[in-house]
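J.: sequence first, predicted model second:
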Amino acid sequence: MLLDTASLYFRAYFGVPDSVRAPDGTPVNAVRGLLDFIARLVQDHHPDDLVACMDADWRPQWRVELIPTYKAHRVAEEAPGDAAAPAEEIPDTLAPQVPVIEEVLDALGIARIGSAGYEADDVIGTLTGRADGPVDIVTGDRDLFQLVDDRRGIRVLYPLKGVGTLQITDEAWLRERYGVDGPGYADLALLRGDPSDGLPGVPGIGEKTAAKLLAAYGDLAGIRAAAGDPASKLTPSQRKRLTEAGPYLDVAPTVVRVAADVPVPDVEHTLPAAPADPERLAALAARWGLGGSLQRLLSTLQG
């Protein structure tokens, strides 16, 4: 089981009231919500291995160089002359909880992996490619639908309400909803665009048209070949739009498709039955008032 950790703690933050606080009054709703999420996921799905995948770089420069609008709307306003890498706009009371989440996961012994210059999606893509058995990817990000592969047992568990109600995304679901398989979803996404990620898409090509084009021509390469073939059945407007979008279509696949060759450390992925550092975990539990959320997770891991 691979967790898109940021996706889940954002959901926890907005789903758990900020009245959930540490003894000193600091909000810990994201921390406790994430612990409850993990407990429920382990209880319901019994993974042998679990990795919390992290965003070491939420907006990698190599993606921005290809498509400058990539996630541009999420960049926090910075002081003039700030030469640091752009920071992601995160709610003021969430940002301080992220280091706490990392410390608690480490004390629990739950593997936590990020890779410099890459997003959690890329870590997930790499670990999925290396897995020698079924993989459940838990994320609220539809971009990872591109990794779905029935033959290898790779599914996306997409939270609909907390993690108690999950959309089990397999190839049958993708075909019914979008008319594509896993790799086809990446082509669909880059054709239609995605405002949430700053991807412009091809003007005039929406989701339904993109799905029809993929059904007719197989993949993005087939669609682009059809655009250059006067004998193809593309409409004149589709041919014009696809041709004019050539520069975007040259680079979009690299931006949209998750990397499969990210350098990741060789760490133990096995789900721990007991905390790696009980003393540190006890200190964190007292400092941040993790209470029942932590106890439920510990009981689930021990069970």
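T.: Thanks, I have the structure now. Numbers count the residues shown, from 1 in each chain.
J.: let me see the residues that make contact with the strand or helix carrying residue 137.
T.: Per DSSP states H and E: residue 137 is located in strand 135-138. Identification of contacts with strand 135-138 by Cβ atoms under 8 Å, 6 or more residues apart in numbering yields 1-4, 8, 41, 45, 47, 124, 127-128, 144, 147, 152-157, 159, 163, 166. (Glycine included, C-beta is placed from N, CA and C.)
J.: just the mean pLDDT for that strand, thanks.
T.: Here strand 135-138 scores 98 as its mean pLDDT.
J.: stretch 69-87 now?
T.: 66.
J.: thinking again about what came up before, now, the contacts of strand 135-138 that are in strands?
T.: Among the contacts of strand 135-138, the ones falling in strands (DSSP state E) are 2-4, 154-157, 159, 166.
J.: widest-spaced pair of those?
T.: Greatest spatial distance in these: 154 and 159, 17.6 Å, computed using Cβ to Cβ.
J.: which one of those two has more residues nearby?
T.: Legend: neighbour count by other Cβ atoms under 10 Å for residue 154 and residue 159, higher for residue 154 (23 against 19).
J.: any idea how far residue 66 is from the closest residue to that one other than its chain neighbours?
T.: With Cβ to Cβ, 6 or more residues apart in numbering as the criterion, residue 154 has its nearest non-adjacent residue at 4.8 Å, and that residue is residue 135. To residue 66, residue 135 is 28 Å away according to Cβ to Cβ, to the nearest Å.
J.: where does the stretch 101-250 of the chain dip in pLDDT?
T.: Within the stretch 101-250 of the chain, no stretch falls below the threshold (pLDDT under 70).
J.: can you show me the strands along it?
T.: In the stretch 101-250 of the chain, the strands defined using DSSP state E, counting those that start in this stretch lie at 111-113, 135-138, 154-161, 165-169.
J.: which residues touch the spatially most distant residue from the centre of the chain?
T.: Distance from the C-alpha centroid of the chain peaks at residue 231, with 40.1 Å (Cα atoms, centre = their mean). By Cβ under 8 Å, 6+ apart, the contact list for residue 231 is empty.
J.: what residues sit buried inside stretch 108-122?
T.: 108-115, 118-122 (16 or more other Cβ atoms under 10 Å).
J.: check the offset of it from the chain's centre.
T.: 11 Å (Cα atoms, centre = their mean, to the nearest Å).
J.: CA atoms only for that stretch, dumped as CSV, please.
T.: C-alpha atoms of stretch 108-122 as CSV (Å, rounded to 0.1, in the frame of the first residue of the first chain):
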residue,chain,number,x,y,z
LEU,A,108,6.1,4.4,14.5
GLY,A,109,8.5,2.8,12.0
ILE,A,110,6.2,3.4,9.0
ALA,A,111,8.4,3.8,5.9
ARG,A,112,8.5,7.4,4.7
ILE,A,113,10.0,8.1,1.3
GLY,A,114,10.6,11.2,-0.8
SER,A,115,13.2,12.0,-3.5
ALA,A,116,14.8,15.3,-4.1
GLY,A,117,13.4,17.0,-7.2
TYR,A,118,10.3,14.8,-7.4
GLU,A,119,6.8,14.7,-6.3
ALA,A,120,5.2,11.9,-4.2
ASP,A,121,3.4,10.8,-7.5
ASP,A,122,6.8,10.0,-9.0
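J.: on that earlier part again, ok, the buried residues of stretch 108-122 vs residue 89, which is closest?
T.: residue 119 (16.0 Å).
J.: what's the closest non-adjacent residue to the closest one?
T.: Leaving aside its chain neighbours, residue 119 sits nearest to residue 55 (5.3 Å; criterion: Cβ to Cβ, 6+ apart).
J.: need the phi and psi values for the one you found.
T.: Note on residue 55: its backbone torsions stand at phi -90, psi 100 [degrees, to the nearest 10].
J.: equivalent analysis for the one 10 residues further on, please.
T.: When read as degrees, to the nearest 10, the backbone of residue 65 gives phi -60, psi -30.
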